[in-house]
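**Q** Fold the following and give me the result.
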Amino acid sequence: MSNDGAVAQGVSEQEYEKGVRVRRNFRWIVTLAYLFAALLFIAILYFGEPWGVAANTRFLDLMIRGGVVKFTDIHRGFIEGIPDFRYYIWSQEPIAWHLVLVVVLLYFAHWGLRAVQFHWTARFFGLRGSPGQHARAYYYGLGMNHLFPFKFGHVATAAALEAEGEPTGAVSTATQIQDAFVLFEIVVFSLLGLLLTSWRLWLIEITWPLLILLVLYLFVRQAQPARGGVAGLGTWSDKWAALRAMAEEPATLGKIAGLGLLAFALVEVTPFVMGHAFTTDNVILLAPFLVVQSAVVSAYIASRIPLTPGGIGQHELGFVITMYVANVGTPEAVAIILLDGLVRYGSVFFLFAVVRLGYGVKASLASTVALFTGMPRLVPVGPDGGAPAEAPAAAAVIE
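**A** Numbering: from 1, shown residues only. Below you'll find the predicted structure:
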């Protein structure tokens with residue numbers, strides 16, 4: 001992993017050892033985040049009836065053809081048979097691929113609008129980069145957000161822009177305000193659901209994801225934000241001050257907020273369309289649009305504090321719980337959000353790969369971890385004031 005030539009000065013042996021411990025703890029946090037995500041997915045699949053989910057998503061057909069499930073004597077597989085013949089019937093149903101393509105296009109449009117929103121926000125706070133530079137940094141952070149927990153991607157976006165020569169303070173503010181707009185969108189669409197449905201159903205649907213969010217907040221509230229890096233900015237007073245500054249230009253604020261609402265509206269539609277794409281006479285993955293709309297809001301609430309990489313598992317749990325309390329079958333709800341998630345995460349990592357491999361983002365994982373942990377990527381100072389020959393670079397510690 002590249003160190004980007006970031007070793008520029010020395011630190012004491014004590015500070016160096018502290019940096020080693022911080023980065024070791026970071027690796028443990030990431031490992032535990034992936035384990036937690038795996039446990040959530042196992043629980044969701046278990047309660048969603050694995051055979052039903054596999055059949056509804058047509059994955060069961062792939063398992064039969066791929067030699068995982070032995071369905072007849074002519075098949076080979078590690079799993080003997082299927083508990084109910086109807087699962088096989090469901091797995092053979094056709095898929096409306098043109099609707100799947102619509103979902104793909106909606107997600108790319110969503111991420112495109114998000115990049116434009118970030119560019120407008122960045123320019124308001126004095127960043128001088130072009131739309132392409134800002135989009136590149138945003139997509140780099142988007143991918144990192146889905147690889148690491150705790151909104152790591154926000155810091156990755158900042159690291160990418162700092163590598164382009166943008167000022168640290170303005171980068172931090174733009175990144176945090178982009179996140180604040182997402183919260184605004186969640187509130188708006190949640191209230192929209194209240195206006196369009198009964199308050200009792202709305203209250204039942206919104207209670208569970210809020211409880212998930214509360215539990216996560218109580219779990220992580222003791223963690224102190226890192227100081228000395230871009231991750232240090234993020235208190236509500238900081239965000240509120242920045243929003244007040246934006247309010248002095250109502251047209252700009254309205255334009256950026258409106259763009260975010262449009263982007264959020266697109267992801268409100270995708271699970272609904274995906275359900276139709278896999279619905280046939282025998283497989284019904286349909287739910288009232290307002291229920292799906294509330295479930296998407298719940299998914300965002302449940303993953304607002306991403307204890308897992310990108311909130312994966314939390315997002316799906318919030319969606320499924322809301323669908324369940326609205327009397328939608330669990331196998332159907334799980335199938336819908338998993339199919340939608342394939343496109344969601346697939347589009348994220350496609351854009352991440354494009355900007356990382358094709359356009360050469362100047363930031364690296366090492367520099368981003370240094371910002372996230374608040375620890376400088378430096379070497380310890382030796383007795384003569386220089387770095388001791390046996391001391392590895394801080395970047396090597398991250399490796």
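
**Q** need the contact list for T175.
**A** By C-beta atoms under 8 Å, 6 or more residues apart in numbering, the contact set of T175 is G141, H154, V155, T157, A158, V230. Where you see a C-beta, it was placed from the backbone N, CA and C, and this is true even at glycine.

**Q** Which parts of the stretch 251-399 of the chain are helices?
**A** 289-302, 314-325, 330-353, 365-373, 394-398 (DSSP state H, counting those that start in this stretch).

**Q** For the fourth one, output the C-alpha coordinates as CSV.
**A** Extracted as CSV, the C-alpha positions of helix 365-373 are listed here (Å, rounded to 0.1, in the frame of the first residue of the first chain):
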residue,chain,number,x,y,z
LEU,A,365,-6.3,3.7,2.5
ALA,A,366,-3.3,4.6,4.6
SER,A,367,-3.9,8.4,4.4
THR,A,368,-7.6,7.9,5.0
VAL,A,369,-7.1,5.7,8.1
ALA,A,370,-4.7,8.4,9.4
LEU,A,371,-7.4,11.1,9.1
PHE,A,372,-10.1,8.8,10.5
THR,A,373,-8.1,7.9,13.6
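
**Q** what helices or strands is it leaning on?
**A** Applying 3 or more C-beta pairs under 8 Å, 6 or more residues apart in numbering; DSSP states H and E, one finds that helix 365-373 contacts helix 13-47, helix 152-163, helix 394-398.

**Q** Could you figure out how far it is turned away from helix 152-163?
**A** 110 degrees (axes from the mean of the first three to the mean of the last three C-alpha atoms, to 10 degrees).

**Q** rank the helices of the stretch 251-399 of the chain by mean pLDDT and give me the bottom one.
**A** Of all those, the minimum mean pLDDT falls on helix 394-398 (a mean of 28).

**Q** Return the member of the helices and strands packed on helix 365-373 having the minimum mean pLDDT.
**A** helix 394-398 (a mean of 28).

**Q** Hmm, F319 and V296 touching each other?
**A** Yes - using C-beta atoms under 8 Å, V296 makes contact with F319 at a distance of 6.8 Å.

**Q** Specify which residue of those two has the higher count of neighbours.
**A** F319 (30 against 27; other C-beta atoms under 10 Å).

**Q** That one contacts P271, correct?
**A** Yes - using C-beta under 8 Å, F319 is in contact with P271, at 7.4 Å.

**Q** Quick check: neighbours shared by those two?
**A** If you check F319 and P271 against C-beta under 8 Å, 6+ apart, the residues they both contact are A295, V296, I336, I337.

**Q** Off-centre distance for stretch 70-83?
**A** Distance of stretch 70-83 from the chain centroid (C-alpha atoms, centre = their mean, to the nearest Å) equals 37 Å.

**Q** repeat for stretch 161-181
**A** With C-alpha atoms, centre = their mean, you get 18 Å for stretch 161-181.

**Q** Output it as PDB - backbone C-alpha positions only.
**A** C-alpha atoms of stretch 161-181 as PDB (Å, rounded to 0.1, in the frame of the first residue of the first chain):
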ATOM      1  CA  LEU A 161     -10.100  16.300  -1.800                       C
ATOM      2  CA  GLU A 162      -7.200  17.200   0.500                       C
ATOM      3  CA  ALA A 163      -4.900  15.300  -1.900                       C
ATOM      4  CA  GLU A 164      -6.100  17.600  -4.600                       C
ATOM      5  CA  GLY A 165      -5.000  20.600  -2.500                       C
ATOM      6  CA  GLU A 166      -8.400  21.600  -1.100                       C
ATOM      7  CA  PRO A 167      -8.500  23.300   2.300                       C
ATOM      8  CA  THR A 168      -9.200  20.900   5.200                       C
ATOM      9  CA  GLY A 169     -11.800  23.000   7.000                       C
ATOM     10  CA  ALA A 170     -14.000  23.600   3.900                       C
ATOM     11  CA  VAL A 171     -13.700  19.900   2.900                       C
ATOM     12  CA  SER A 172     -14.800  18.800   6.400                       C
ATOM     13  CA  THR A 173     -17.800  21.200   6.300                       C
ATOM     14  CA  ALA A 174     -19.000  20.100   2.900                       C
ATOM     15  CA  THR A 175     -18.800  16.500   3.800                       C
ATOM     16  CA  GLN A 176     -20.700  16.800   7.000                       C
ATOM     17  CA  ILE A 177     -23.400  19.100   5.500                       C
ATOM     18  CA  GLN A 178     -23.900  16.500   2.700                       C
ATOM     19  CA  ASP A 179     -24.700  14.000   5.500                       C
ATOM     20  CA  ALA A 180     -27.000  16.500   7.300                       C
ATOM     21  CA  PHE A 181     -29.000  16.800   4.100                       C
END
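
**Q** which non-adjacent residue is nearest the spatially most central residue of the chain?
**A** Taking C-alpha atoms, centre = their mean as the criterion, G310 is the residue nearest the geometric centre of the chain, at 2.9 Å. Among residues not flanking G310 along the chain, H146 sits closest, at 3.5 Å (C-beta to C-beta, 6 or more residues apart in numbering).

**Q** quick one: contacts for the one you found?
**A** G153, P309, G310, I312, Y345, V348, F349, F352.

**Q** Which members of the residues you listed are the farthest-apart pair?
**A** I312 and F352 (14.5 Å; C-beta to C-beta).

**Q** follow-up on the earlier one: can you tell me how far the residue nearest to G310 sits from G48?
**A** 22 Å (C-beta to C-beta, to the nearest Å).

**Q** Flag every buried residue along stretch 43-63.
**A** Within stretch 43-63, the residues scored as buried using 16 or more other C-beta atoms under 10 Å are 44-45, 48-49, 51-61, 63.

**Q** Repeat that for stretch 283-294.
**A** V283, L285, A287, L290, V291, V292, Q293, S294.

**Q** Could you check how far that stretch is from the centre of its chain?
**A** Using C-alpha atoms, centre = their mean, the offset of stretch 283-294 from its chain centre is 23 Å.

**Q** got it, and stretch 65-75?
**A** So, by C-alpha atoms, centre = their mean, the centroid of stretch 65-75 is 36 Å from its chain's centroid.

**Q** Outside of that stretch itself, list whatever touches it.
**A** L60, M63, I64, R76, G77, F78, I79, E80, G81, I82, Y88.

**Q** Return the member of these nearest to L183.
**A** Nearest to L183 among the contacts of stretch 65-75, with distances taken as C-beta to C-beta, is L60, at 38.8 Å.
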